[in-house]
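Q: The following comprises the amino acid sequence and a computationally predicted model.
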Amino acid sequence: MATTWRAQEITPSRRAAGFPALVETPEASALTHFAGHWMFLTSGYASSGASNQTLIYGFSAIAGGNGASDGAKTARIYRVTPGAEFEATLVVASWDQSLVGSKVALSVVSSKPALVTATALSSIAQAFVVGVSSKVGQGDTNPPVYFTLIHADMQGEV
């Protein structure tokens, strides 16, 4: 069974077979993101994802440390891996079961962790909706869903 964890809270769900690998990486300076934001590597330092991010290294397990210089703080990151399932909020006006299996975009709201959005796709990291919480009813707004990251959008070591 695939690994499932909640991007907003970084806790395993009942579907979880275990956590994704937790890695520690030197953090870029002045990061102030929330836990749950996606991260990417640049010049060997972890940086928090922007709304137009095309590659994702993982999801932050802790808030950004706001270090004065590159490497002054250490980022703790849950690594994305092929087939691993994650949980996040799907931003949609009305839930419809047909959204399972659809390709969605990842986005950032400055005051919240990463979200999954059923918006028009562009050159940003994308995922597939693989399931929805059993507590969600037809027509519900912004339901929690399970998703997997598209393999081409997973960043390796840099």
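A: That came in fine, so what should we check first? Numbering: from 1, shown residues only.
Q: what mean pLDDT would you report for stretch 85-101?
A: In this model, stretch 85-101 carries a mean pLDDT of 79.
Q: buried stuff in it?
A: Burial within stretch 85-101, assessed by neighbour count using 16 or more other CB atoms under 10 Å, is assigned to 85, 86, 87, 88, 89, 90, 91, 92, 95, 99. Backbone N, C-alpha and C define where each C-beta goes, glycine included.
Q: which helices and strands sit right next to the host helix or strand of the fifth one?
A: For residue 89, the host element (DSSP states H and E) is strand 85-91. The elements that strand 85-91 packs onto, with contact taken as 3 or more CB pairs under 8 Å, 6 or more residues apart in numbering; DSSP states H and E, are strand 4-6, strand 115-117, strand 126-132, strand 144-149.
Q: what's the nearest residue to residue 155 if we skip its chain neighbours?
A: Counting by CB to CB, 6 or more residues apart in numbering, the nearest residue to residue 155 once its immediate chain neighbours are dropped is residue 55, at 3.8 Å.
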